[in-house]
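J.: Fold the following and give me the result.
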Amino acid sequence: MKPISFLAILSLFQNMEIRGFVQISHNFSTYLGDLQPFAMSSNCSQQLKQYITDLTQGKPWALRMLDAHGKIPSGILDGNFFELGSFDECINIDEGHLLAGKYCIGKFALSDTSKISIGICIPSGCTATDVSGLYNRSGISISESSCQTKESFPRLDVAATIVLIFLVAWLCCMVLSTAYVMTVQRLGKAPPHWLLDTFSFYTNAKKLFTTTRSEDEISCLHGIRVLSMMWIIMAHYCLAYTHLPIRNMSFILKFFNTNMSMFIIGAHNAVDTFFFISGLTLSYVFMIYSRRGAKFNVFIFYVRRYIRLTPAMGVVILLYAFLLKYMGSGPLWPATIEKLVSGCRKNWWKALLYIQNYDSMSDMCINPTWFLSVDTQLYLLSPLLLLPLLKWPNRTLFATGALTLCSIVTSFVLTWTLKLHEPVFGEKFMRYYYLATYSRAAPWLLGFMLGYLLQEFKREGSRIVMNKMCVLVFWIASIAILVTCVLLEYEVFVANRASLLGNAFNNALQRSAWAVCVGWVIYACHFGYGGK
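T.: Presented below is the predicted three-dimensional model:
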């Protein structure tokens, strides 16, 4: 009866007036006294006795320590397995040299698979072993890694200090460059030095917010990028709730088992939109500059790409690896942040070499940057198609189509042989299909072909002429296929109704079908078939 009586006492503190609170604290102190006859450190024993004495006397600090405890959470049957108490109230308890508050997370086992996480506030002199000995009799287990005090908060180490100095120096450089550029322009002297102009806030902001349009611009791409990015952000935001301590987890789980949830889970299709646009813009811009007589230097082509991406990427990695742990606090902060920090400290070099998409998600440095790894790998291989595209365009397009088919077949074969018939975003699914360059190549290659065709149509001043009925059919078919690509995943991954063969066809064809339909949207909007 000890576990039940302990949690029952804690539950009485919810919505209670001070007088009742003090009265119940007497009962709780008596309960703690009954649990004491076991071995513990002398420091913990002394502080615990002081806590019990002061709790009996109704002293404010002892009442705050008890109040900071988590109580029995309401809605357990609705999926609420967290009652984290008051973290700040606990760690802010400070009785000088006597004791301070120590916050821990205890696990109360309802069954072999279900555990309630309860915030526990105890005197700082007690170790995890002491606390486990105290609360094990109440069915609660505690580990030292879950405990925090004010003293345990991380202090700036040497690496973090160096990173801060670097960032401050960089900021000063930008401020000075901005002042220099604005002074030169105001005085009407010669153009500022290009290096200082590069670091200027003023120059970069002016470029960032410019609204001038180029005659070669494919304007519909901007809207497609914005909508796709909004979709991806919304999906990440919603999926994050499945990893957070929320009170109605059962509602979340039920929702993600419905058709409507596919409009969130299906947002990963928008990633293929970005791969398609990446291939399209690469071939499109390459053909523009080639027609103007620009020479293609493979070395400069690679260096420019690396310099354009890596400095910003490097700064974000520094923030993650050395400063992120100082940017927050809370009951779950240390455990959560450790997963993010450890990946960057261990695999930062893979992120900077753009090869980390071959790692598991748990080992990655900044998970979303897997996209840059895949896109950069495709970019590195692109000269094999760009160079022959000028001399043998038809053969190159045929070869690109053949590579697209290879990507489709590879996805099918791997799904079949590795039996990737598991929940979406499972470890094996992610490594061998979702993050793999060969499976992402198909939409990129299809975009590459469309980019060339758009530039050819522009150069010749022509387009494929279609009547209104034909355009309407293409629009209806494209929208139907796009919606099907999203909703079909319910049958494959959630309802689990698809066979392994059906799953293999889905993984093989879905991305290409999505890319073809996005390609139609771009073509139609670019050439005036998007309606008025």
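
J.: I'd guess residue 106 is in a strand, am I close?
T.: Yes - residue state for residue 106 (DSSP: H, G, I helix; E, B strand; the rest coil) corresponds to a strand.

J.: what's around the residue nearest to it when sequence neighbours are not counted, how many residues?
T.: Of all residues beyond its chain neighbours, the one nearest residue 106 is residue 140 (4.1 Å), with distances taken as CB to CB, 6 or more residues apart in numbering. Glycine gets a C-beta too; all of them are placed from N, C-alpha and C. One way to gauge burial is a neighbour count; for residue 140, by other CB atoms under 10 Å, it gives 23.

J.: Is residue 140 bridged to anything, and to what?
T.: residue 108 (DSSP bridges).

J.: Check the offset of the host helix or strand of residue 119 from the chain's centre.
T.: Element membership for residue 119, per DSSP states H and E: strand 115-123. Between the mean C-alpha point of strand 115-123 and the mean C-alpha point of its chain there is a distance of 28 Å (CA atoms, centre = their mean, to the nearest Å).

J.: which residues of this protein score low on pLDDT?
T.: Low-confidence segments of the chain, defined by pLDDT under 70: 1-39, 112, 135-138, 422-425, 495-496, 531-532.

J.: Break down it into its strands, ranges please.
T.: Using DSSP state E, the strands assigned to the chain run over residues 82-83, 101-109, 115-123, 140-142.

J.: Turn those strands into TSV, columns for distance to residue 403.
T.: Listed next are the strands of the chain as TSV, based on distance: least, CB to CB, whole Å:
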stretch	distance to residue 403
strand 82-83	49
strand 101-109	51
strand 115-123	50
strand 140-142	55
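
J.: of all those, which lies closest to residue 91?
T.: Distances from residue 91 to each of the strands of the chain were compared using CB to CB; the shortest belongs to strand 101-109, at 5.2 Å.

J.: That closest one: which residues count as buried?
T.: Of the residues in strand 101-109, 101-108 count as buried by neighbour count, 16 or more other CB atoms under 10 Å.

J.: Check stretch 222-230 too.
T.: Going by neighbour count (16+ other CB under 10 Å), the buried part of stretch 222-230 is 224, 228.

J.: CA-only coordinates of it in CSV, if you can.
T.: Output for stretch 222-230, consisting of C-alpha atoms alone and laid out as CSV, is shown next (Å, rounded to 0.1, in the frame of the first residue of the first chain):
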residue,chain,number,x,y,z
HIS,A,222,9.2,31.5,-55.1
GLY,A,223,5.6,30.6,-54.2
ILE,A,224,6.2,26.9,-54.4
ARG,A,225,9.2,27.3,-52.1
VAL,A,226,7.3,29.3,-49.5
LEU,A,227,4.3,26.9,-49.5
SER,A,228,6.6,23.8,-49.3
MET,A,229,8.7,25.3,-46.5
MET,A,230,5.5,26.3,-44.5
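
J.: Output stretch 452-460 as CSV, restricted to C-alpha atoms.
T.: Taking Å, rounded to 0.1, in the frame of the first residue of the first chain, the C-alpha atoms of stretch 452-460 are listed here in CSV:
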residue,chain,number,x,y,z
TYR,A,452,16.9,22.3,-69.6
LEU,A,453,13.6,22.1,-71.5
LEU,A,454,12.4,25.4,-70.0
GLN,A,455,15.6,27.1,-71.1
GLU,A,456,15.3,25.6,-74.6
PHE,A,457,11.6,26.8,-74.9
LYS,A,458,12.7,30.3,-73.8
ARG,A,459,15.6,30.4,-76.3
GLU,A,460,13.4,29.3,-79.2
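
J.: Return the set of buried residues in it.
T.: Across stretch 452-460, burial judged by 16+ other CB under 10 Å covers 452-455, 458.

J.: The nearest residue to residue 309 once chain neighbours are set aside: neighbour count?
T.: The spatial neighbour of residue 309 that comes closest, neighbours along the chain excluded (CB to CB, 6+ apart), is residue 372 at 6.4 Å. Residues lying near residue 372 (other CB under 10 Å) number 18.

J.: wait, isn't residue 372 in contact with residue 355?
T.: No - the criterion here is CB atoms under 8 Å, and residue 372 misses it with residue 355 at 10.7 Å.

J.: need the contact list for residue 356.
T.: Residues in contact with residue 356 (CB atoms under 8 Å, 6 or more residues apart in numbering) are 347, 350, 363-365, 369-370, 373.

J.: of all those residues, which comes closest to residue 511?
T.: The nearest member of the contacts of residue 356 to residue 511, counting by CB to CB, is residue 370 at 15.5 Å.

J.: Confirm for me that that closest one is in contact with residue 435.
T.: Yes - counting by CB under 8 Å, residue 370 touches residue 435, with 5.3 Å between them.

J.: got any residues that touch both of these two?
T.: Here residue 370 and residue 435 have residue 357 as joint contacts, going by CB under 8 Å, 6+ apart.

J.: Which helix runs longest in this protein?
T.: helix 158-187 (DSSP state H).

J.: Flag every buried residue along that helix.
T.: 160, 163, 174, 177-178, 180-181, 184.

J.: Columns distance to residue 90 on top of the residues you listed, output as JSON lines?
T.: As requested, the buried residues of helix 158-187 are arranged in JSON lines below (distance: CB to CB, whole Å):
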{"residue": "160", "distance to residue 90": "26"}
{"residue": "163", "distance to residue 90": "31"}
{"residue": "174", "distance to residue 90": "41"}
{"residue": "177", "distance to residue 90": "47"}
{"residue": "178", "distance to residue 90": "45"}
{"residue": "180", "distance to residue 90": "51"}
{"residue": "181", "distance to residue 90": "51"}
{"residue": "184", "distance to residue 90": "56"}
